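Asks: sequence unknown, structure follows:
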């Protein structure tokens with residue numbers, strides 16, 4: 001049986017620290033995206049969400065562009081944050097996410113060379 005962590009780790013994760021805003025059914029708040037992949041991310045935030053809740057996430061990129069993604073809460077850790085599985089099927093969302101991941105990977109590679 002595959003558990004949630006195994007499922008999440010099938011896609012390459014990029015560790016990062018990006019400012020974000022999110023909106024759920026009952027709350028909206030700010031947080032930080034600390035890792036991201038093509039299938040989801042983890043958001044550090046104090047506010048409560050519920051598993052399976054639909055979330056709209058706005059990520060502030062260092063390039064000055066924001067990306068907007070939809071996802072479903074996979075799990076929540078009280079007073080820490082939540083894991084989000086991206087659910088958007090819009091081609092524009094896929095392209096924006098791919099560009100974000102490429103930018104973050106390139107930034108990490110340049111930092112490693114210094």
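Replies: The structure has been received and is ready for your questions. Keep in mind that this is a model prediction, so the values were computed, not measured.

Asks: report the contact partners of residue 76.
Replies: By C-beta atoms under 8 Å, 6 or more residues apart in numbering, the contact list for residue 76 reads 48-51, 82-83. (Glycine included, C-beta is placed from N, CA and C.)

Asks: just the pLDDT for residue 21.
Replies: Here, the pLDDT recorded for residue 21 equals 97.

Asks: check which helix or strand it maps to.
Replies: Using DSSP states H and E, the element containing residue 21 is strand 14-23.

Asks: what strands flank that strand, and is each parallel or antiparallel?
Replies: strand 28-36 (antiparallel), strand 54-60 (antiparallel) (DSSP bridges).

Asks: dump these to a markdown table, plus distance to residue 71, mean pLDDT and mean neighbour count.
Replies: Output for the strands paired with strand 14-23, formatted as a markdown table (distance: least, C-beta to C-beta, whole Å; pLDDT from 0 to 100; neighbours: other C-beta atoms under 10 Å):
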| stretch | distance to residue 71 | mean pLDDT | mean neighbour count |
| --- | --- | --- | --- |
| strand 28-36 | 11 | 95 | 18 |
| strand 54-60 | 5 | 95 | 18 |
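
Asks: Throw these into a markdown table and include distance to residue 108, thanks.
Replies: Formatted as a markdown table, the strands paired with strand 14-23 follow (distance: least, C-beta to C-beta, whole Å):
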| stretch | distance to residue 108 |
| --- | --- |
| strand 28-36 | 12 |
| strand 54-60 | 16 |
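
Asks: quick one: least confident helix or strand in this protein?
Replies: helix 4-8 (a mean of 48; mean pLDDT, DSSP states H and E).

Asks: ok, the contacts of residue 76 vs residue 38, which is closest?
Replies: Proximity of the contacts of residue 76 to residue 38 (C-beta to C-beta) peaks at residue 83, which lies at 14.4 Å.

Asks: the closest one and residue 74 touch, don't they?
Replies: Yes. When contacts are counted by C-beta atoms under 8 Å, residue 83 is listed as touching residue 74 (4.3 Å).

Asks: for the residue most central in space within the chain, give the beta-bridge partners.
Replies: Nearest residue to the geometric centre of the chain (C-alpha atoms, centre = their mean): residue 41, 3.0 Å. On the basis of DSSP bridges, residue 41 is bridged to residue 36, residue 84.
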